[in-house]
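*Asks:* I'll drop the sequence and a predicted model, then ask my questions.
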Amino acid sequence: MRGGGSDHSRLANVDANLLQAERLVIRPSSAGQWNSLTDMTDARLLAKHLLWTVRTPAAANQGFNVVNGDVFRWKWMWKRIAGWFGLDAAELDREGVPLQEQLADAAPVWKQIAENYRWQRVT
């Protein structure tokens, strides 16, 4: 499968800045993700869980899967999320276009955004 869930979820992250700066149309990156059900977790629930795990000795060295059961399909949410960021959204065409390909020439814009926000490189 080309692209993946992380490509889609990054739209809700700093990559939206690049897309806004370049006035690009965000394109789905994977047909598999576009059509599949995806679950999500409310950040407040996850935060409560994380606090519980660090405060509860019985939780030490244990793995937990925390979800609250909400599911969606990217094809349902794509335009809503893009609209929230002020971006245009394209429908899925063919197999999708991975985000790294969509932003392949964006390094200069990314550098300018990092300078504007005074982000520091972490190595």
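*Replies:* Everything's here; your move.

*Asks:* contacting residues for W74?
*Replies:* Counting by C-beta atoms under 8 Å, 6 or more residues apart in numbering, W74 makes contact with H8, P28, Q33, W34, S36, T38. Using the backbone N, CA and C atoms, a C-beta is placed for each residue, glycine as well.

*Asks:* count the neighbours of the last one for me.
*Replies:* As a burial measure, the neighbour count of T38 was computed by other C-beta atoms under 10 Å and equals 15.

*Asks:* quick one: secondary structure of the residue nearest to it when sequence neighbours are not counted?
*Replies:* Using C-beta to C-beta, 6 or more residues apart in numbering and skipping the chain neighbours, the partner closest in space to T38 is F72 (6.0 Å). Here F72 is strand, with the state taken from DSSP: H, G, I helix; E, B strand; the rest coil.

*Asks:* got a pLDDT number for F72?
*Replies:* F72 carries a pLDDT score of 88 in this model.

*Asks:* just the buried positions in stretch 86-99, please.
*Replies:* L87, A89, L92, G96, V97, P98, L99 (16 or more other C-beta atoms under 10 Å).

*Asks:* quick check, nearest of the residues you listed to V66?
*Replies:* L99 (26.0 Å; C-beta to C-beta).

*Asks:* for D105, phi and psi?
*Replies:* Backbone torsions for D105, taken as degrees, to the nearest 10, come to phi -100, psi 20.

*Asks:* residues near it, how many?
*Replies:* 9.

*Asks:* distance of it from Q33?
*Replies:* 24 Å (C-beta to C-beta, to the nearest Å).

*Asks:* many thanks, I have nothing further to ask.
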